[in-house]
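A.B. asks: here's my sequence, what's the structure:
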Amino acid sequence: MATTTNHAWPYRVTRLSGLIATLLLLMLTGCTSVQTPHLSTSLGLPAIENMGELYQRNAAIAVYIEPKVRDLKLSGEYKFTKYEFPAGHAFTVKLLKALSYQFNRVVILKSLQTKPDPPPDAVMTVTLQDADMTFEIKPGFATVTTSSFARLVVRAELRDAQGTIIWVGAARSEGQGEGQSRMLTEEEAARQIALGVESAIDNTVADLIKQMTQSPNMRRYLHEWEQRRMT
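C.D. replies: The predicted structure follows:
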């Protein structure tokens, strides 16, 4: 009686073991990819309109944005993909641009101990109070819909050269975004989710600038600084 040996089964067992190991690794590590889309650093038209008056004054300010704000990242997960948005970088650039519309000299400080030369009229400090985001991806019959929501709570304080508080502002702003696609790739989902984050950033910047320019005390100081330069 002849006997045969199946040389394939050890290979099949090896492949099965590899598949199980891969599935276990996915379960343990969670996400298989990370999407970090670029956020726009340009202010949208609604934000510029909401700032109110665009009038560059003959005054100088230094700006210190704490690392907690500058390095802020908002993130969330969907299935095996993590979406991470560098909100702090986009906010920092947009705020500095908005301030340059209001002052003819803006000095960026990496530390509050830095002493610019010549000295500015005032120093602004920006701190983060709170931030969060959520998003949803809904597969439909013919399209996939995304919706996102983001919220930023930021405080800004302005002190003159003597350390006296001139103005304090706090922006509690929200932003929403929506999108639809027939075929939603990870990259497209990230782009659509980013709309809510960008909206929250724009609203926060516009709110801070509007509060500052409408402050009677701030207007008084700006007038004094400009008069001093004329003499």
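
A.B. asks: what does stretch 40-51 rub up against?
C.D. replies: 54, 89-90, 93-94, 97-98, 101, 198, 202-203, 205-207, 209-210, 213 (Cβ atoms under 8 Å, 6 or more residues apart in numbering). (Each C-beta comes from the backbone N, C-alpha and C, glycine too.)

A.B. asks: turn the buried ones among these into a named PyMOL selection, would you?
C.D. replies: Here is the PyMOL command that picks out the buried ones among these, judged by 16 or more other Cβ atoms under 10 Å:
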select buried, resi 89+90+93+94+98+101+198+202+203+205+206+207+209+210+213
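
A.B. asks: return the subset of the contacts of stretch 40-51 lying in helices.
C.D. replies: 89-90, 93-94, 97-98, 198, 202-203, 205-207, 209-210, 213 (DSSP state H).

A.B. asks: max pairwise distance over the residues you listed: which two?
C.D. replies: Maximum pairwise distance in the ones in helices among the contacts of stretch 40-51, criterion Cβ to Cβ, is 24.7 Å, between His89 and Thr213.

A.B. asks: please report phi then psi for the residue positioned nearest the centre of the chain.
C.D. replies: The residue lying closest to the centre of the chain (Cα atoms, centre = their mean) is Ala87, at 1.6 Å. When read as degrees, to the nearest 10, the backbone of Ala87 gives phi -60, psi -40.

A.B. asks: that one and Leu128 touch, don't they?
C.D. replies: No. Contact criterion Cβ atoms under 8 Å: Ala87 and Leu128 do not qualify, at 10.0 Å.

A.B. asks: go through the strand or helix carrying Met218 and flag the buried ones.
C.D. replies: Here Met218 sits within helix 216-230, counting by DSSP states H and E. For helix 216-230, a neighbour-count test (16+ other Cβ under 10 Å) marks Met218, Tyr221, Leu222, Trp225 as buried.

A.B. asks: let me know whether the third one touches Ala60 as I believe.
C.D. replies: Yep, that's Leu222 we're talking about. No. Counting by Cβ under 8 Å, Leu222 does not reach Ala60; the two are 11.1 Å apart.

A.B. asks: identify each buried residue in stretch 59-77, please.
C.D. replies: For stretch 59-77, burial by neighbour count (16+ other Cβ under 10 Å) applies to Ala59, Ala60, Ile61, Ala62, Val63, Tyr64, Ile65, Val69, Arg70, Leu72, Leu74, Gly76.

A.B. asks: for that stretch, what is the average pLDDT?
C.D. replies: For stretch 59-77, the mean pLDDT works out to 94.

A.B. asks: quick one, helices of the protein?
C.D. replies: According to DSSP H, the helices that the chain contains are 9-29, 45-50, 67-70, 87-100, 186-213, 216-230.

A.B. asks: quick one: the last one to chain centroid distance?
C.D. replies: Here helix 216-230 shows a centroid-to-chain-centroid distance of 32 Å under the convention Cα atoms, centre = their mean, to the nearest Å.

A.B. asks: now do the contacts for His89.
C.D. replies: So His89 contacts Leu39, Thr41, Arg70, Asp71 (Cβ under 8 Å, 6+ apart).

A.B. asks: contact partners for the third one?
C.D. replies: Listed by Cβ under 8 Å, 6+ apart, the contact set of Arg70 reads Gly88, His89, Thr92.
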